[in-house]
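Colleague: Provide a 3D model corresponding to the input given below.
(one chain, ligands or ions: 2)
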Amino acid sequence: METKSKKPKEEQKDVAIESKEVKHTDGQQYKLQAKNVDVFYGDFQAIEDITLDIVPNSVTAFIGPSGCGKSTFLRLFNRMNDYIDNFDMNGKILLDGQNIYSPSVRVEELRKTVGMVFQKPNPFPKSIFDNVAYGLQIQGITDQDFIEERVIESLKQATLYSEVKDDLNKQALALSGGQQQRLCIARALAVKPSVLLMDEPTSALDPISTGKIEDLIHELQKKFTIVIVTHNMQQAGRISKKTAFLYMGRLIEYGDTQKIFTNPEKERTQNYITGRFG
Ligand code: ADP
Ligand code: MG
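Modeller: Residues are numbered from 1 along each chain as shown. Ligands and ions are numbered 1, 2, ... in the order given. Below is the predicted model:
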């Protein structure tokens, strides 16, 4: 809920607005916020005027038909769209109240705080250990005891350690798909992020591996803010607290997952969740 400020425009300094608006009515801070965000790829508008707040230590799901802008929107939160040639945007994305697109933000620092896991597990063709240690090594950390401790801690957090502990030097590509995806999660966790973005992280996995990742996400939300794109509505229903339904670049409805799936406000949401299109 945002309250419109009655102050004249010239008094609405950025910082004042941000520190005022990050508060919930109950005083809880939002972890991530999108404010009137438009995204363009050249002339094509992929996201249109989306405003949405994400609470910390929770799972938020983005759902909607293929091509509606879920990945584009997700990638805004760690500036992954910056790599795309004809990408342009309006609006703000706030992390802990700070605009991550402001010139003072260092993108490498941002990506340490906001980690990402992709649809297809993408381990490097290196050992299990080296995959998880990678983020620490590129930070220039050389203390081997520290690195080893952090690698083990991250593998444990990703519920992979018990399966690989006897051979951390094994080639990561020799792991199963589900194990590779948990390895990628461990790799993301090793640099101690506070947000994890996941773009359809289980869509390439079998049901058992999917279940393990869902259980893991459920655990991780105690310590991390998780935003997940999913094609699978049952999955959104099982693991998320809040769900955002996007359609053709617009946010149609956003609210408690329970409500979105049982009693949505909008007819378009109802049609989508009952499988009438998508
Ligand atoms: P979703 O993840 O919901 O399937 P995307 O965010 O991938 O949707 O894409 C949203 C829209 O933006 C689609 O119409 C897609 O074709 C278009 N799009 C995505 N990436 C690019 C790009 N790099 N250049 C041009 N158009 C793109
Ligand atoms: Mg996508």
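Colleague: wait, what's in contact with the most centrally placed residue in the chain?
Modeller: Centroid check for the chain by CA atoms, centre = their mean gives L197 as the closest residue, at 1.9 Å. L197 makes contacts with L74, R75, F77, N78, V114, G115, M116, V117, V227, I228, as judged by CB atoms under 8 Å, 6 or more residues apart in numbering. C-beta: built from backbone N, CA, C; applies to glycine.
Colleague: report pLDDT for the closest residue to the fifth one other than its chain neighbours.
Modeller: This points to V114. Of all residues beyond its chain neighbours, the one nearest V114 is N78 (4.0 Å), with distances taken as CB to CB, 6 or more residues apart in numbering. In the predicted model, N78 carries a pLDDT score of 97.
Colleague: which phi and psi does N78 have?
Modeller: Phi and psi for N78, reported as degrees, to the nearest 10, are phi -130, psi 20.
Colleague: distance of it from S194?
Modeller: From N78 across to S194, the span is 12 Å (CB to CB, to the nearest Å).
Colleague: neighbour count winner among these two?
Modeller: Applying other CB atoms under 10 Å to N78 and S194 shows that N78 carries more neighbours, namely 23 against 16.
Colleague: thought that one was touching M116?
Modeller: Yes - using CB atoms under 8 Å, N78 is in contact with M116, at 5.7 Å.
Colleague: quick one: name the residues of the stretch 151-278 of the chain near ligand 1.
Modeller: Within the stretch 151-278 of the chain, not a single residue sits near ligand 1 (CB under 6 Å from any ligand atom).
Colleague: the helices in the stretch 151-278 of the chain, which residues?
Modeller: With DSSP state H, counting those that start in this stretch, the ranges of helices along the stretch 151-278 of the chain come out as 161-164, 177-189, 207-220, 233-239, 257-262, 267-273.
Colleague: put the alpha carbons of the last one into PDB.
Modeller: What follows is helix 267-273 as a C-alpha-only set of coordinates in PDB (Å, rounded to 0.1, in the frame of the first residue of the first chain):
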ATOM      1  CA  GLU A 267     -11.300 -12.500 -14.700                       C
ATOM      2  CA  ARG A 268      -8.100 -12.800 -16.700                       C
ATOM      3  CA  THR A 269      -6.300 -14.300 -13.700                       C
ATOM      4  CA  GLN A 270      -9.200 -16.700 -13.200                       C
ATOM      5  CA  ASN A 271      -9.100 -17.800 -16.900                       C
ATOM      6  CA  TYR A 272      -5.300 -18.400 -16.700                       C
ATOM      7  CA  ILE A 273      -5.300 -20.400 -13.400                       C
END
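Colleague: what pLDDT, on average, does that helix get?
Modeller: Averaged across helix 267-273, the pLDDT comes to 95.
Colleague: quick revisit: and the gap between the residue nearest to the centre of the chain and G275?
Modeller: From L197 to G275 the distance is 27 Å (CB to CB).
Colleague: with L173 instead?
Modeller: 37 Å.
Colleague: higher neighbour count, those two?
Modeller: L173 (12 against 8).
Colleague: output the below-cut-off pLDDT ranges for this structure.
Modeller: Of all residues in the chain, those with pLDDT under 70 make up the ranges 1-28, 278.
Colleague: strands of that one, residue ranges please.
Modeller: Per DSSP state E, the chain carries strands over the ranges 32-41, 44-54, 59-63, 87-95, 98-99, 114-117, 195-199, 225-229, 242-247, 250-256.
Colleague: who's in contact with the second one?
Modeller: Strand 44-54 is contacted by residues 2, 30-40, 60, 69, 72-73, 76, 89, 91, 225, 227, 242, 244, 246, 249-251, 254 when judged by CB under 8 Å, 6+ apart.
Colleague: count of neighbours near the closest residue to ligand 1 within the stretch 101-250 of the chain?
Modeller: As assessed by CB to the nearest ligand atom, ligand 1 sits closest to V229 within the stretch 101-250 of the chain, at 6.3 Å. Burial measure for V229: 23 neighbouring residues, criterion other CB under 10 Å.
Colleague: also S66?
Modeller: Using other CB under 10 Å, S66 has 8 neighbouring residues.
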